[in-house]
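# after the sequence you'll find the predicted model.
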Amino acid sequence: MDPDTPPQELVEAYIEAGKNPIKPIEVSTGPVKENIIVGDDVDLFKLPAPVVHGGDGGRYISTWHACIHQDPDSGWVNWGMYRSMIVDKNKLAGLLIPYQHGPMILYQKYEARGKAMPFAIAIGGDPVVAFIASSYLPAYVNEADVAGGIRKEPIELVKCETNDLMVPATSEIVIEGEIRPHERVEEGPFGEFTGFRTTERGGRPLHRIKAITHRNNPILTMSCMGMGCDEYAALVSVTLSGEMLQILRQNGIPVRGVCVHPWGNTLSTIVSTKVPYANVAHQISSMIWGSKAGVYVHWIIVVDENVDPWNLEDVFHAVVFQCNPQDGIHVYKRTLGMTLDPFLTP
C-alpha cells in the first residue's frame, strides 16, 4: 500500500485480510537454522540484548518479536508479544499478564495441570510477524493465518529443535524453551509503552532456554517504547481500530469509523457513529469492553458521524462544545485494569 494511505483505509485493509486468512506452510529448513545451539552451549549473553531505558531492571531481549504458545487441548497456536529479560545465560524472566492469550494458556492449562509449557520466541524476519503478534485477535484465531492474509501468501514455518512448535523460517533468531509450573524469578522494572516505568521488580514466570537458532550475522530487532509514536503505537492503532470496528459493525451499530490513536494507544478509543437511538454510547462501550480488543481500554469517546475520529482537533472540538460535562461523561467503576497502568496506587 502507498505510504501515505489514510489510516481508515489501512484499518479496512487489515479487516479484509482477516476475512481472507491463508494458512502457513511447513518447510524443512530456513535461514533461521543456519546456526543451531542447544544444551550447555546456549548463552543468551552472546546476543546483543540492550538495556533499553535508563532504570530498566536488566537486558531485555524480547521487545519486538513473537512469543509462540500452543493450547494443549484445541491445538490453537497463539502468537503474542510479551517482554522478557535475561536472568542468566540460559534463563529469561517474562511479564505474562493473566488475561493475555499466551499467559492464559500457561496459567489455565499447563500450570493448572502441573505441566511445563513449551514456548518459542521468534525475533526479526518478516515484519508481518511482529505486526500480527502485537494485535488483539480473538481467542482461537491463529495469528499465522491472518499474517498470510496480510501478505497474500502463506508464512513459511519450520519446526523447533527441542519442541513441536512451528516458528517463522525467515526469523533472525529463535529462542526455544519451557516454563515449568509455578517457577518464578525477579523481573523488571521496564519503561513501557505508556511512557512510564510502572511495574516494580517482582516474581514472574521463569523461562528455561533449551536452544537458540539464528541466521548468520543475525539482527536483533527491538523497540524503545515510551512517549511518542513508536512501532507498537503505530501498529496497534491499526489492528485495535480494526478489531473494534468489526465488533460494532457485527452488532449493527451504524459506525463511521473507529480510531485507537497512537498517542493514546491501547487505553483509549474514539468512535464516530450515527445515533440510531438514545444512549447508544453505553451500548458501544459495553461491546468494546466485553471484547479482547477492549480489555485495556479506559477511555471511550463517542462522537457524531460528522466528526472524523482520526482528526484529534475535530474530536477535541466535539468534546469541549458538544459534551455536557455533567450528563455526557459516565464513569464505570470496578472494571478491569492492568499492571502497566501508570495511575495505579503502588
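Perfect, I can see it now.
# now stretch 38-49: buried residues?
Going by neighbour count (16 or more other Cβ atoms under 10 Å), the buried part of stretch 38-49 is 42, 44, 47, 49. In short, each C-beta sits where N, CA and C put it, glycine included.
# hmm, I typed the wrong one, I wanted stretch 294-303.
Result for stretch 294-303 [16+ other Cβ under 10 Å]: buried residues 294-298, 300-303.
# could you do stretch 184-199 as well?
Neighbour-count burial for stretch 184-199, counted by 16+ other Cβ under 10 Å, picks out 185, 187-194, 197-199.
# filter the residues you listed down to the ones in strands?
185, 187 (DSSP state E).
# need the max-distance pair from the buried residues of stretch 184-199.
Maximum pairwise distance in those, criterion Cβ to Cβ, is 24.1 Å, between 185 and 194.
# from what I see, residue 234 and residue 261 are in contact.
No. Contact criterion Cβ atoms under 8 Å: residue 234 and residue 261 do not qualify, at 10.5 Å.
# more neighbours, those two?
Neighbour comparison, residue 234 and residue 261: the larger count goes to residue 261, with 19 against 14 (by other Cβ atoms under 10 Å).
# quick one, what contacts that one?
The contact partners of residue 261, taken as Cβ atoms under 8 Å, 6 or more residues apart in numbering, are 237, 268, 270, 310, 312.
# so how far is residue 291 from the nearest residue to the last one once chain neighbours are set aside?
Setting aside the residues directly before and after it, residue 312 is nearest to residue 261 in space (Cβ to Cβ, 6 or more residues apart in numbering), at 6.6 Å. With the distance defined as Cβ to Cβ, to the nearest Å, residue 261 ends up 18 Å from residue 291.
# again with residue 328
Relative to residue 291, and taking Cβ to Cβ, residue 328 is found at 24 Å.
# just residue 237 next, same as before
For residue 237, the distance to residue 291 - Cβ to Cβ - is 17 Å.
# the two: which has the busier surroundings?
residue 237 (23 against 17).
# kindly format the C-alpha coordinates of the helix or strand containing the more buried one as CSV.
Using DSSP states H and E, residue 237 falls within helix 231-250. Below are the C-alpha coordinates for helix 231-250, written out as CSV (Å, rounded to 0.1, in the frame of the first residue of the first chain):
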residue,chain,number,x,y,z
GLU,A,231,6.4,0.9,16.4
TYR,A,232,3.9,-0.6,18.8
ALA,A,233,1.7,2.5,19.0
ALA,A,234,1.6,2.8,15.2
LEU,A,235,0.7,-0.8,14.5
VAL,A,236,-1.7,-1.3,17.4
SER,A,237,-3.5,1.8,16.2
VAL,A,238,-4.4,-0.1,13.0
THR,A,239,-5.1,-3.5,14.5
LEU,A,240,-7.2,-2.4,17.5
SER,A,241,-9.1,0.0,15.5
GLY,A,242,-9.9,-2.8,13.0
GLU,A,243,-11.0,-5.3,15.7
MET,A,244,-13.3,-2.8,17.4
LEU,A,245,-14.8,-1.6,14.1
GLN,A,246,-15.7,-5.2,13.2
ILE,A,247,-17.3,-5.8,16.6
LEU,A,248,-19.5,-2.7,16.3
ARG,A,249,-20.5,-3.5,12.7
GLN,A,250,-21.3,-7.1,13.5
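# now do the SS call for residue 45.
Secondary structure, DSSP: H, G, I helix; E, B strand; the rest coil: residue 45 is helix.
# and the end-to-end length of stretch 264-271?
14 Å (Cα to Cα, to the nearest Å).
# quick one: mean pLDDT for it?
Regarding stretch 264-271, the rounded mean pLDDT is 93.
# what's the offset of that stretch from the middle of its chain?
15 Å (Cα atoms, centre = their mean, to the nearest Å).
# pull the residues that contact that stretch.
193-194, 232-233, 236-237, 240-241, 244, 248, 255, 257-261, 284, 288, 294, 296-303, 309, 315, 341.
# how many neighbours does residue 13 have?
Residue 13: 15 surrounding residues under other Cβ under 10 Å.
# surely it is in a helix?
Yes. Counting by three-state DSSP, residue 13 falls inside a helix.
# now do residue 81 against residue 254, distance only.
Residue 81 is 33 Å from residue 254, by Cβ to Cβ.
# more neighbours, those two?
More crowded of residue 81 and residue 254, by other Cβ under 10 Å: residue 81, with 24 against 12.
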